[in-house]
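Enquirer: The following block contains a protein sequence and its predicted model.
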Amino acid sequence: MSDNAPNWSQPDVFTGPLIESLKRHPKRIVFSEGEDERVIRVAGEMVRQELGIPILLGKKEKIRAMAADLGVSLKFVNVTDPAEADDLPLFAEMLERIERLRGVNLADAKEVASRPHFYASMMIQYGQADGMVGGNQLLPETIHRALIQLVKPLPDVPHVFTSAIMVSDQLEHFGPEGILFLADCGLNDIPDVSELKAIAIETGRLAHHYKGRRVRIAMLSHSTMNSAATDSASRVRAATEAARQEALRLRLDMEIDGELQADVALDASAAEMKLPQMVDRPAPDVLVFPNLDAAHISMKLLRHVGGATKYGQMVLGLSRPAAQVSRTADERALFGTALAIGAEAIKYHELFPHG
């Protein structure tokens, strides 16, 4: 990498392969909140490394002035004000039709469609961009609502969910290659058996896409293999078996273990004491949590206490690649998330061949 590259764009074990892939197959990534210094820096770096065409939504004059102050060139960066965009009338018409089917009559479809998160969602749905990154200035619920409302869902996923990609070369027992996929960290409060099964399968597919090998999924609980007779543990046990059967039916290259306590799943010494048959199992790539509280708290602790880097959250269960980032995301997180979305777009038809 060039000596001019900022520290936050230096490749790690996860982003390194994505950079090489996107140099060969650059993609169009729309950032719904483009009036942000962090996003402008990331867009400039994406162009400098020839990784894709960033699309920044917001007031053109404001974004250009911010870029000038930062010394960032906007050459090959598409800056679009949704309120003035040529596609706005078409998007407004499509939005009106969608809402009418839901039994809602919009008073001003054009005004709603011009909101950046709505406009970005429609861009990826109708092929004006290959993937979307949003949330750096908005509440997660705002981004999720627009995506769920406007992007076609996958028919075999009962509910949209999110997966956080965590990377660390410092923490012990942090998965193979120092990469872990955590789900569902953003949407489903207490997933039922069907939802947990889908979360395991789709996150496993995501991990397989990035790692290119057989992956292992650990279904986490406060219980290990019937050590606690609670409804929560029973739900995870049932979801584990359902996910195994689904993986076999679809001939997916993944192993699914559960229900497991976190120490048994991640630490071979704990597994040797509590569950000797798990000792020779490879470390998990994916951690599926029994509820939103457990997943989200774990994600935040790994990030803010453990120092792990977080990319995403990837919004899964949709027919187009999208990610919601935290409002506290730094440039490294935004850059890596954009790379992840771009790489997902390259082979999205392989993950979901039927769209």
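Expert: Yep, it's here. Residues are numbered from 1 along each chain as shown.
Enquirer: all contacts plus neighbour counts: C-alpha atoms, from now on.
Expert: Noted.
Enquirer: so where is the stretch 101-250 of the chain shaky, pLDDT-wise?
Expert: Residue ranges of the stretch 101-250 of the chain with pLDDT under 70: none are present.
Enquirer: now the helices: where do they sit in it?
Expert: 109-113, 116-125, 140-150, 193-211, 231-250 (DSSP state H, counting those that start in this stretch).
Enquirer: For the residue lying closest to N136 once chain neighbours are set aside, give its distance to R213.
Expert: Once flanking residues are discounted, N136 sits nearest to R327: 4.2 Å by Cα to Cα, 6 or more residues apart in numbering. R327 is 33 Å from R213, where distance means Cα to Cα, to the nearest Å.
Enquirer: cool, R251 as well?
Expert: Here R251 is placed at a distance of 14 Å from R213 (Cα to Cα).
Enquirer: Report back the residue of the chain that's furthest from centre.
Expert: Going by Cα atoms, centre = their mean, the residue of the chain most distant from its centre is M273, 34.8 Å out.
Enquirer: Residue nearest the middle of this structure, spatially speaking?
Expert: In the chain, the centroid-proximal residue (Cα atoms, centre = their mean) is M314; its distance is 0.9 Å.
Enquirer: which parts of the helix or strand that residue falls within are buried?
Expert: For M314, the element it lies in under DSSP states H and E is strand 309-316. Buried residues in strand 309-316, counted by 16 or more other Cα atoms under 10 Å: 309-316.
Enquirer: Quick one: list the elements packing against whichever helix or strand comes after that strand.
Expert: Later in the chain than strand 309-316, the nearest helix or strand by DSSP H and E is strand 322-324. Applying 3 or more Cα pairs under 8 Å, 6 or more residues apart in numbering; DSSP states H and E, one finds that strand 322-324 contacts strand 131-134, helix 140-150, strand 309-316, helix 331-346.
Enquirer: Run through who's touching stretch 185-204.
Expert: Stretch 185-204 is contacted by residues 156-164, 181, 183-184, 215-217, 219, 235-236, 238-240, 242-243, 246-247, 254, 286, 288, 290-293, 295-296, 299, 313, 316-317 when judged by Cα atoms under 8 Å, 6 or more residues apart in numbering.
Enquirer: Show me which parts of that stretch are buried, residue by residue.
Expert: Per 16+ other Cα under 10 Å, stretch 185-204 contains these buried residues: 185-188, 191-204.
Enquirer: got it, and stretch 325-342?
Expert: Neighbour counts over stretch 325-342 (16+ other Cα under 10 Å) mark 325-326, 329-342 as buried.
Enquirer: What mean pLDDT does that stretch get?
Expert: Mean per-residue pLDDT for stretch 325-342: 97.
Enquirer: Run through who's touching that stretch.
Expert: For stretch 325-342, the external contacting residues (Cα under 8 Å, 6+ apart) are 8-9, 15, 18-19, 22, 26-29, 38-39, 41-42, 46, 52, 130-140, 309-314, 321-323.
Enquirer: circling back: adding distance to R64 and pLDDT, write the buried residues of strand 309-316 out as TSV.
Expert: Shown next, in TSV, are these (distance: Cα to Cα, whole Å; pLDDT from 0 to 100):
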residue	distance to R64	pLDDT
T309	30	97
K310	29	97
Y311	27	97
G312	26	91
Q313	28	96
M314	29	98
V315	30	98
L316	33	97
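Enquirer: Check the residues you listed against R115 and report the nearest one.
Expert: V315 (19.6 Å; Cα to Cα).
Enquirer: Average pLDDT for stretch 30-42, rounded please.
Expert: On average, stretch 30-42 scores 98.
Enquirer: for it, the distance to its chain's centre please.
Expert: Distance of stretch 30-42 from its chain centroid, counting by Cα atoms, centre = their mean, to the nearest Å, is 17 Å.
Enquirer: residues near P6, how many?
Expert: 13 (other Cα atoms under 10 Å).
Enquirer: Could you report the pLDDT at it?
Expert: 94.
Enquirer: How about P89?
Expert: 95.
Enquirer: Grab the nearest non-local neighbour of it.
Expert: Excluding the flanking residues, the one nearest P89 by Cα to Cα, 6+ apart is K110, at 6.7 Å.
Enquirer: gap between Y119 and R102?
Expert: Counting by Cα to Cα, the separation of Y119 from R102 is 19 Å.
Enquirer: who has more neighbours, the two?
Expert: Legend: neighbour count by other Cα under 10 Å for Y119 and R102, higher for Y119 (27 against 10).
Enquirer: which residues sit in contact with that one?
Expert: Applying Cα under 8 Å, 6+ apart, one finds that Y119 lies in contact with 32, 82, 91, 113.
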